[in-house]
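S.K.: Need a 3D model of the following:
(chains A and B)
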Amino acid sequence: EAGVAQSPRYKIIEKRQSVAFWCNPISGHATLYWYQQILGQGPKLLIQFQNNGVVDDSQLPKDRFSAERLKGVDSTLKIQPAKLEDSAVYLCASSTGQESTDTQYFGPGTRLTVL
Amino acid sequence: KNQVEQSPQSLIILEGKNCTLQCNYTVSPFSNLRWYKQDTGRGPVSLTIMTFSENTKSNGRYTATLDADTKQSSLHITASQLSDSASYICVVSRSWGKLQFGAGTQVVVTP
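M.R.: Numbering: from 1, shown residues only, chains lettered A, B, ... in the order given. Predicted structure coming up:
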(Lines give C-alpha, C1' and ligand atoms only; values in the text may rest on other atoms or scores of the structure.)
Protein backbone atom coordinates (compact mmCIF):
# COMPACT_ATOMS: atom_id res chain seq x y z
CA GLU A 1 0.00 0.00 0.00
CA ALA A 2 1.45 3.36 -1.01
CA GLY A 3 1.80 5.86 1.80
CA VAL A 4 0.96 9.54 2.02
CA ALA A 5 3.03 11.49 -0.50
CA GLN A 6 4.14 15.07 -0.02
CA SER A 7 6.14 17.50 -2.10
CA PRO A 8 8.41 19.27 -2.03
CA ARG A 9 10.43 17.77 0.84
CA TYR A 10 12.29 21.00 1.48
CA LYS A 11 11.63 24.63 0.66
CA ILE A 12 13.56 27.79 1.45
CA ILE A 13 11.94 31.17 0.79
CA GLU A 14 12.29 34.74 1.91
CA LYS A 15 9.69 36.38 4.11
CA ARG A 16 6.72 37.86 2.27
CA GLN A 17 7.09 35.31 -0.52
CA SER A 18 4.44 32.70 -1.31
CA VAL A 19 4.76 28.94 -1.09
CA ALA A 20 2.55 25.93 -1.78
CA PHE A 21 2.71 22.36 -0.55
CA TRP A 22 1.09 19.34 -2.13
CA CYS A 23 -0.28 16.17 -0.52
CA ASN A 24 -1.57 12.94 -2.03
CA PRO A 25 -3.28 10.80 0.65
CA ILE A 26 -3.61 7.04 0.78
CA SER A 27 -6.10 5.87 -1.82
CA GLY A 28 -9.62 5.65 -0.43
CA HIS A 29 -8.94 7.75 2.67
CA ALA A 30 -11.77 10.21 3.14
CA THR A 31 -10.14 12.33 5.84
CA LEU A 32 -7.10 14.50 5.21
CA TYR A 33 -5.22 16.62 7.74
CA TRP A 34 -2.58 19.33 7.51
CA TYR A 35 -0.37 19.84 10.57
CA GLN A 36 2.33 22.36 11.41
CA GLN A 37 5.21 21.04 13.53
CA ILE A 38 7.63 23.58 14.93
CA LEU A 39 11.01 22.23 16.01
CA GLY A 40 10.80 20.62 19.45
CA GLN A 41 7.02 20.61 19.55
CA GLY A 42 4.26 18.19 18.66
CA PRO A 43 2.21 18.68 15.50
CA LYS A 44 -0.56 21.27 15.56
CA LEU A 45 -3.64 20.74 13.41
CA LEU A 46 -4.15 23.44 10.79
CA ILE A 47 -7.07 22.03 8.84
CA GLN A 48 -9.06 18.81 8.52
CA PHE A 49 -10.98 17.77 5.42
CA GLN A 50 -13.66 15.11 5.14
CA ASN A 51 -13.76 14.31 1.42
CA ASN A 52 -13.65 17.82 -0.10
CA GLY A 53 -15.37 19.59 2.81
CA VAL A 54 -13.66 21.39 5.69
CA VAL A 55 -14.36 19.84 9.11
CA ASP A 56 -12.06 21.95 11.26
CA ASP A 57 -9.95 24.97 10.35
CA SER A 58 -10.13 26.73 13.70
CA GLN A 59 -6.34 26.95 14.04
CA LEU A 60 -5.60 27.96 10.46
CA PRO A 61 -4.29 31.56 10.20
CA LYS A 62 -6.72 32.45 7.49
CA ASP A 63 -5.18 35.83 6.75
CA ARG A 64 -2.19 34.07 5.19
CA PHE A 65 -2.88 30.35 4.99
CA SER A 66 -5.30 28.63 2.65
CA ALA A 67 -5.96 25.03 1.76
CA GLU A 68 -8.10 23.17 -0.68
CA ARG A 69 -8.94 19.59 -1.51
CA LEU A 70 -10.52 19.59 -4.90
CA LYS A 71 -12.31 16.38 -5.90
CA GLY A 72 -11.71 15.01 -2.41
CA VAL A 73 -8.32 13.49 -3.17
CA ASP A 74 -5.15 15.62 -3.41
CA SER A 75 -4.74 18.71 -1.33
CA THR A 76 -2.65 21.86 -1.44
CA LEU A 77 -1.69 24.17 1.42
CA LYS A 78 -0.60 27.70 0.56
CA ILE A 79 1.06 30.42 2.59
CA GLN A 80 0.92 33.98 1.27
CA PRO A 81 2.81 35.98 2.42
CA ALA A 82 5.18 33.91 4.55
CA LYS A 83 6.54 35.12 7.89
CA LEU A 84 9.67 34.04 9.76
CA GLU A 85 7.53 32.20 12.33
CA ASP A 86 6.10 29.97 9.59
CA SER A 87 9.40 28.06 9.54
CA ALA A 88 8.33 24.52 10.44
CA VAL A 89 7.63 21.08 9.06
CA TYR A 90 4.23 20.80 7.41
CA LEU A 91 2.80 17.31 7.76
CA CYS A 92 -0.05 15.83 5.81
CA ALA A 93 -1.95 12.84 7.19
CA SER A 94 -4.90 10.79 6.08
CA SER A 95 -7.31 8.27 7.57
CA THR A 96 -10.33 6.30 6.44
CA GLY A 97 -12.63 8.50 8.51
CA GLN A 98 -14.79 5.53 9.45
CA GLU A 99 -14.10 5.20 13.18
CA SER A 100 -13.00 7.42 16.04
CA THR A 101 -9.99 5.13 16.55
CA ASP A 102 -8.86 5.47 12.94
CA THR A 103 -5.11 5.45 12.52
CA GLN A 104 -3.76 8.61 10.94
CA TYR A 105 -1.02 7.89 8.44
CA PHE A 106 1.49 10.68 8.04
CA GLY A 107 3.55 11.72 5.08
CA PRO A 108 7.27 12.59 5.38
CA GLY A 109 6.52 16.30 5.67
CA THR A 110 7.77 19.43 3.96
CA ARG A 111 10.43 21.37 5.84
CA LEU A 112 9.92 25.09 5.25
CA THR A 113 12.59 27.63 6.09
CA VAL A 114 11.63 31.31 5.87
CA LEU A 115 14.60 33.71 5.77
CA LYS B 1 -7.36 23.83 28.91
CA ASN B 2 -6.74 20.63 26.96
CA GLN B 3 -3.12 19.67 27.47
CA VAL B 4 -0.85 16.71 26.99
CA GLU B 5 2.40 16.77 28.94
CA GLN B 6 5.21 14.30 28.45
CA SER B 7 8.23 13.45 30.54
CA PRO B 8 11.11 13.29 30.42
CA GLN B 9 11.82 15.72 27.60
CA SER B 10 14.72 13.53 26.52
CA LEU B 11 16.65 10.51 27.71
CA ILE B 12 19.69 8.49 26.76
CA ILE B 13 19.74 4.73 27.31
CA LEU B 14 22.16 1.95 26.56
CA GLU B 15 21.26 -0.59 23.92
CA GLY B 16 19.50 -3.56 25.47
CA LYS B 17 18.13 -1.63 28.43
CA ASN B 18 14.49 -0.85 29.18
CA CYS B 19 12.91 2.56 29.58
CA THR B 20 9.54 4.09 30.40
CA LEU B 21 8.08 7.31 29.06
CA GLN B 22 5.28 9.18 30.80
CA CYS B 23 2.26 11.10 29.55
CA ASN B 24 -0.21 13.11 31.63
CA TYR B 25 -3.23 14.71 30.06
CA THR B 26 -6.10 17.00 30.94
CA VAL B 27 -7.94 16.57 27.65
CA SER B 28 -11.69 16.26 28.00
CA PRO B 29 -13.82 14.64 26.78
CA PHE B 30 -11.58 11.63 26.23
CA SER B 31 -11.97 9.28 23.31
CA ASN B 32 -8.66 7.44 22.96
CA LEU B 33 -4.94 7.76 23.57
CA ARG B 34 -2.24 7.03 21.03
CA TRP B 35 1.51 6.71 21.05
CA TYR B 36 3.42 7.64 17.91
CA LYS B 37 7.07 7.16 16.99
CA GLN B 38 8.68 9.86 14.89
CA ASP B 39 12.07 9.20 13.35
CA THR B 40 14.15 12.24 12.45
CA GLY B 41 12.98 13.72 9.16
CA ARG B 42 9.92 11.51 8.92
CA GLY B 43 6.26 11.71 9.80
CA PRO B 44 4.91 10.08 12.98
CA VAL B 45 4.00 6.39 12.85
CA SER B 46 1.29 4.95 15.09
CA LEU B 47 2.45 2.43 17.73
CA THR B 48 -0.67 1.89 19.85
CA ILE B 49 -4.21 3.16 20.27
CA MET B 50 -6.13 2.64 23.52
CA THR B 51 -9.74 3.48 24.31
CA PHE B 52 -11.17 4.30 27.72
CA SER B 53 -11.79 0.64 28.56
CA GLU B 54 -8.30 -0.59 27.70
CA ASN B 55 -5.48 -0.32 30.22
CA THR B 56 -2.65 -1.95 28.30
CA LYS B 57 -1.68 -2.62 24.72
CA SER B 58 1.47 -4.05 23.20
CA ASN B 59 3.15 -3.73 19.83
CA GLY B 60 6.26 -5.87 19.79
CA ARG B 61 8.74 -4.45 22.30
CA TYR B 62 6.48 -1.46 22.97
CA THR B 63 3.88 -1.69 25.76
CA ALA B 64 1.53 1.18 26.52
CA THR B 65 -0.56 1.51 29.66
CA LEU B 66 -3.49 3.79 30.38
CA ASP B 67 -5.06 4.86 33.66
CA ALA B 68 -8.11 6.87 32.60
CA ASP B 69 -8.96 7.71 36.22
CA THR B 70 -5.67 9.50 36.89
CA LYS B 71 -5.33 10.54 33.22
CA GLN B 72 -1.89 9.03 32.90
CA SER B 73 -0.27 6.83 30.30
CA SER B 74 3.14 5.27 29.91
CA LEU B 75 5.10 3.71 27.08
CA HIS B 76 7.59 1.01 28.03
CA ILE B 77 10.34 0.01 25.62
CA THR B 78 11.85 -3.39 26.32
CA ALA B 79 15.38 -4.40 25.30
CA SER B 80 16.02 -1.18 23.41
CA GLN B 81 17.65 -1.24 19.99
CA LEU B 82 19.51 1.47 18.10
CA SER B 83 16.51 1.80 15.80
CA ASP B 84 14.41 2.88 18.77
CA SER B 85 16.18 6.25 18.70
CA ALA B 86 13.35 8.63 17.87
CA SER B 87 10.81 11.03 19.33
CA TYR B 88 7.84 9.37 21.01
CA ILE B 89 4.67 11.42 20.98
CA CYS B 90 1.63 10.93 23.18
CA VAL B 91 -1.60 11.93 21.48
CA VAL B 92 -5.03 12.20 23.08
CA SER B 93 -8.19 12.27 21.02
CA ARG B 94 -11.03 14.43 22.32
CA SER B 95 -13.54 13.29 19.77
CA TRP B 96 -13.73 12.07 16.22
CA GLY B 97 -10.37 12.77 14.58
CA LYS B 98 -9.50 15.71 16.87
CA LEU B 99 -6.06 14.94 18.27
CA GLN B 100 -4.10 16.82 20.94
CA PHE B 101 -0.37 16.15 20.60
CA GLY B 102 2.25 16.22 23.32
CA ALA B 103 5.68 17.72 22.64
CA GLY B 104 7.31 14.29 22.59
CA THR B 105 10.15 12.56 24.43
CA GLN B 106 13.40 12.34 22.49
CA VAL B 107 14.99 8.91 23.05
CA VAL B 108 18.61 8.24 22.13
CA VAL B 109 19.84 4.64 22.29
CA THR B 110 23.61 4.33 22.44
CA PRO B 111 25.72 1.23 21.70
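S.K.: now the residue positioned nearest the centre of chain A, what's its secondary structure?
M.R.: Central residue of chain A (CA atoms, centre = their mean): A:Trp34, 2.7 Å from the mean position. At A:Trp34, secondary structure determined by DSSP: H, G, I helix; E, B strand; the rest coil is strand.
S.K.: Same check on A:Glu85?
M.R.: Classified using three-state DSSP, A:Glu85 is helix.
S.K.: What sits closest to it if chain neighbours are left out?
M.R.: Closest residue in space to A:Glu85, ignoring its immediate chain neighbours: A:Val114 at 7.9 Å, by CB to CB, 6 or more residues apart in numbering or on different chains. Where you see a C-beta, it was placed from the backbone N, CA and C, and this is true even at glycine.
S.K.: correct me, but A:Asp57 touches A:Leu46?
M.R.: Yes. If you go by CB atoms under 8 Å, A:Asp57 and A:Leu46 touch, sitting 7.4 Å apart.
S.K.: The residue nearest to A:Glu85 is in contact with A:Ser18, isn't it?
M.R.: No. Between A:Val114 and A:Ser18 there is no contact under CB under 8 Å: 11.2 Å.
S.K.: what's the overlap in contacts for these two?
M.R.: A:Ala82 (CB atoms under 8 Å, 6 or more residues apart in numbering or on different chains).
S.K.: Who has more neighbours out of these two?
M.R.: Between A:Val114 and A:Ser18, counting by other CB atoms under 10 Å in any protein chain shown, A:Val114 is the more crowded of the two (20 against 11).
S.K.: residues touching the more buried one, list them.
M.R.: Contacts of A:Val114 (CB under 8 Å, 6+ apart): A:Ile13, A:Glu14, A:Lys15, A:Ala82, A:Lys83, A:Leu84, A:Glu85, A:Asp86, A:Ser87.
S.K.: got the residues of chain A near chain B?
M.R.: Within chain A, the positions lying close to chain B (CB under 8 Å from any CB of the partner chain) are A:4, A:31, A:33, A:40-45, A:48, A:55-56, A:91, A:93, A:95, A:97, A:100-109.
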